[in-house]
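Peer 1: give me a 3D structure for the following:
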Amino acid sequence: MAGRAVLLIPHRGDAADEGGLPGDYRKILAIVREADGPVQVRAVGERLGLDASVRGKLEPLRAKMTKLAARGWLHKRGDGRFAARP
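Peer 2: Reported below is the predicted structural model:
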């Protein structure tokens, strides 16, 4: 797109629905929404089948969840856990 930046993860207000997100981001959103409350990255990683005992395996997931929070899809709490936005 000549001269225009295209966001892989759009801001929540810019997207009609989460269908515009890549599949792995939609899975993350679904896991967080299914939880009874705020979740840790480790819990999401375990649901995705990642080896949660190795911290380095969770860092890319943490980055994705932080990006979702920055774009308005999730809420990142002060304690590092993530919650779904209404």
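Peer 1: and residue 29, how close does it get to residue 68?
Peer 2: In this view, residue 29 and residue 68 are 7 Å apart by Cβ to Cβ, to the nearest Å. C-beta here means a position set from N, CA and C on the backbone, and glycine is covered the same way.
Peer 1: anything in contact with each of these two?
Peer 2: residue 74 (Cβ atoms under 8 Å, 6 or more residues apart in numbering).
Peer 1: which one's more surrounded, these two?
Peer 2: The residue with more neighbours, out of residue 29 and residue 68, is residue 68; 23 against 19, by other Cβ atoms under 10 Å.
Peer 1: and the more buried one, its phi and psi?
Peer 2: Backbone torsions for residue 68, taken as degrees, to the nearest 10, come to phi -60, psi -40.
Peer 1: that one and residue 74 touch, don't they?
Peer 2: Yes. Using Cβ atoms under 8 Å, residue 68 is in contact with residue 74, at 4.5 Å.
Peer 1: how much space separates residue 76 from residue 36?
Peer 2: Counting by Cβ to Cβ - residue 76 and residue 36 are separated by 18 Å.
Peer 1: nope, residue 19 is what I was after
Peer 2: For residue 19, the distance to residue 36 - Cβ to Cβ - is 25 Å.
Peer 1: ok, and the closest non-adjacent residue to the residue most central in space within the chain?
Peer 2: Nearest residue to the geometric centre of the chain (Cα atoms, centre = their mean): residue 65, 3.1 Å. Leaving aside its chain neighbours, residue 65 sits nearest to residue 82 (5.3 Å; criterion: Cβ to Cβ, 6 or more residues apart in numbering).
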